[in-house]
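S.K.: What shape does this take:
(one chain, ligands or ions: 1)
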Amino acid sequence: QLLIIDFGSQVTKLIARRVRESGVYSEVHPYNRVDAKLLKSFNPKAIILSGGPSSVTGIGTPRADEAIWTLGVPVLGICYGQQTMCAQLGGSVEASNDQEFGRADLSIVKDSPLFAGLAKVGADERVWMSHGDRVSKMPEGFEIIAKSPNAPFAAIADESRDFYGLQFHPEVVHTRNGAMILRNFTHNIAGFKGDWTMSAFKDEMIVAIQKQVGEGKVICGLSGGVDSSVAAILIHEAIGDQLTCVYVDTGMMRKGESEQVTSLFRDHYDINLIHVDAGEEFLGLLEGVSDPEQKRKIIGGTFIDIFEREAKSIGGAKFLAQGTLYPDVIESVSFDGGPSVTIKSHHNVGGLPERMDLELVEPLRELFKDEVRALGRELGLHADFVERHPFPGPGLAIRCPGEITAERLNILRDADAIYLDQIRKHGLYNDIWQAFAVILPVKTVGVMGDGRTYDYVLALRAVTSTDGMTADYYPYTHEFLGETATRIINEVRGVNRVVYDVTSKPPGTIEWE
Ligand code: XMP
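M.R.: Residues are numbered from 1 along each chain as shown. Just a heads-up that it's a prediction; the model follows:
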């Protein structure tokens, strides 16, 4: 397996993704958790050092554990990774006036196994740069294999030790042959066969869960989304009845959600399931609250209270299972020296482990959404469930900007169901990452028949994405939008205007709160 040491780049996850796409299993670990002990237990066959926001020239900035240089395995440093590699091995790095952001043309100056199948010596490769600092002197044993106008050491190599350094980012799609460069590193240089599969991952995870949990009891919160469902089914396969799932109906679920979830788990999989009807409790606590972060915190806290109650009812559990994915980890955690800023307080059952002294079981922590779906298929989860759009933990609360009322929730639920029905009828569901309606806290004037109306505005959102980190709005036809708006206004009392949100992420987020 391959170890990716993370120095905090926003695109580190893409390295893991590209590597796994070529059939090599990899894990990402923050630089400050990689020490001799982890290296011994992980036993990497190769290492990639990610980019990062710090400057190698600054005092106390991140470094790779010195032990990696003497393991005898190939190392590839990317951007900050290249710079720290050079600084640590006796070269030097300088802050440069010629910063490079975006596209650059890379000239290959020497044949290298890293560039097999790419442009020949003398020809250019289109790559993507994002750096202020740059290497100014290579460590002993290294030579230049490619340069760019502002980076004389754009690619360097010490072939005797299989150490490589790139100033550009091969993991982003804008580097045209980036995937091939990474593949050359893993397959040609590090000798991976590329035979890692989701089925192998499943088997490994089952053994790992059994080992972690032993005879202990595990509780798992189910939201009805793909992630928690797949986590629960996988854990159930590993430990059977030691697992109890808790499904909390917050009163802010979509239409029919509770029935679908309980029937899948009870009837299909025969998994222990507690169904908690907590709508009144949640709505009572949210009364008068319109600040988005406050809503999220109240919902998160109430989840914890309910969970704690239910866990006691099963005679105590030692472990808490969560369907945390890799993008959740990177978006909500910032580690020492790391840049990841909290955009929203993502809700899972955070806070609970400390309060109840529970150990986390998070078998999907290393995976991306599409990989979780593949795992779901591997576990025999029905296609309707596997392909479901993501649904956030706080539910419709964050699709109801302003104060949440039962009246507005009911309107939203009905309108959302019609919207999704339209998408399914037109065969668009699987082309879209996520689609939902948002009810605005304003009323506008309309005319229906001969009368004046004064009702709510409903916004429709639909985006394409591969991991929820970036997204673009879905380009419906005008006919589809018109037909859907008409259906919603005709069939749902309380809405007299429908608008379509055409914002991408960034600058917008997918959800409105
Ligand atoms: P944003 O709105 O941050 O959403 O662009 C990205 C993806 O995350 C989902 N989301 C959440 N999922 N708990 C969740 O489980 C949350 O608190 C939460 N907030 C947003 C959102 O639906 C989208 O798929």
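S.K.: what sits against residue 376?
M.R.: 226, 229-230, 233, 385-386 (C-beta atoms under 8 Å, 6 or more residues apart in numbering). Any C-beta I mention is one placed from the backbone N, CA and C, and that applies to glycine too.
S.K.: so where's this structure shaky on pLDDT?
M.R.: Applying pLDDT under 70 to the chain flags residues 327, 329-353.
S.K.: hmm, 50 instead?
M.R.: Scanning the chain for pLDDT under 50 picks out 332-341.
S.K.: report the longest helix in it, please.
M.R.: Criterion DSSP state H: the longest helix present in the chain is helix 292-313.
S.K.: thinking again about what came up before, take the contacts of residue 376 and write them to a markdown table, including distance to the ligand.
M.R.: Putting those into a markdown table (distance: C-beta to the nearest ligand atom, whole Å) gives the following:
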| residue | distance to the ligand |
| --- | --- |
| 226 | 11 |
| 229 | 12 |
| 230 | 13 |
| 233 | 18 |
| 385 | 16 |
| 386 | 16 |
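S.K.: Now neighbour count too, for those, in TSV please.
M.R.: TSV is the format used below for the contacts of residue 376 (neighbours: other C-beta atoms under 10 Å):
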residue	neighbour count
226	24
229	26
230	27
233	24
385	19
386	19
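S.K.: For these, could you give me a markdown table that also reports secondary structure and distance to residue 493?
M.R.: A markdown table is the format used below for the contacts of residue 376 (DSSP: H, G, I helix; E, B strand; the rest coil; distance: C-beta to C-beta, whole Å):
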| residue | secondary structure | distance to residue 493 |
| --- | --- | --- |
| 226 | helix | 32 |
| 229 | helix | 33 |
| 230 | helix | 37 |
| 233 | helix | 39 |
| 385 | helix | 31 |
| 386 | helix | 35 |
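S.K.: Which of the residues you listed sits closest to residue 250?
M.R.: Lowest distance from residue 250 to the contacts of residue 376 (C-beta to C-beta) belongs to residue 229, with 16.9 Å.
S.K.: how deep is residue 276 tucked in, by neighbour count?
M.R.: Number of residues near residue 276 (other C-beta atoms under 10 Å) recorded here: 16.
S.K.: and what of residue 504?
M.R.: When neighbours are defined as other C-beta under 10 Å, residue 504 has 14 of them.
S.K.: Go ahead and confirm it touches residue 471.
M.R.: Yes: counting by C-beta atoms under 8 Å, residue 471 is a contact partner of residue 504 at 6.2 Å.
S.K.: Need the overlap of contacts for the two.
M.R.: residue 463.
S.K.: Neighbouring strands - and their directions - for the helix or strand following the longest helix of the chain?
M.R.: Going down the chain from helix 292-313, the next helix or strand is strand 319-321, by DSSP states H and E. Using DSSP bridges, the strands paired with strand 319-321 are strand 218-222 (parallel), strand 359-361 (parallel).
S.K.: Specify the angle between the longest one and helix 292-313 in degrees.
M.R.: Taking axes from the mean of the first three to the mean of the last three C-alpha atoms, to 10 degrees, strand 218-222 and helix 292-313 form an angle of 140 degrees between their directions.
S.K.: May I have strand 218-222 as PDB, with CA atoms only?
M.R.: What follows is strand 218-222 as a C-alpha-only set of coordinates in PDB (Å, rounded to 0.1, in the frame of the first residue of the first chain):
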ATOM      1  CA  VAL A 218     -21.600  -0.900  18.500                       C
ATOM      2  CA  ILE A 219     -24.300   1.700  17.900                       C
ATOM      3  CA  CYS A 220     -24.700   3.500  14.600                       C
ATOM      4  CA  GLY A 221     -26.700   6.500  13.700                       C
ATOM      5  CA  LEU A 222     -28.600   6.100  10.400                       C
END
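S.K.: got a list of contacts for it?
M.R.: With contact meaning C-beta under 8 Å, 6+ apart, strand 218-222 is reached by 228-229, 231-232, 235, 239, 242-248, 261, 265, 273, 303, 307, 310-311, 314, 317-322, 348-349, 358, 361.
S.K.: what about the helices in the stretch 351-500 of the chain?
M.R.: If DSSP state H, counting those that start in this stretch is used as the criterion, the helices of the stretch 351-500 of the chain fall at 352-356, 369-378, 383-386, 406-425, 478-491.
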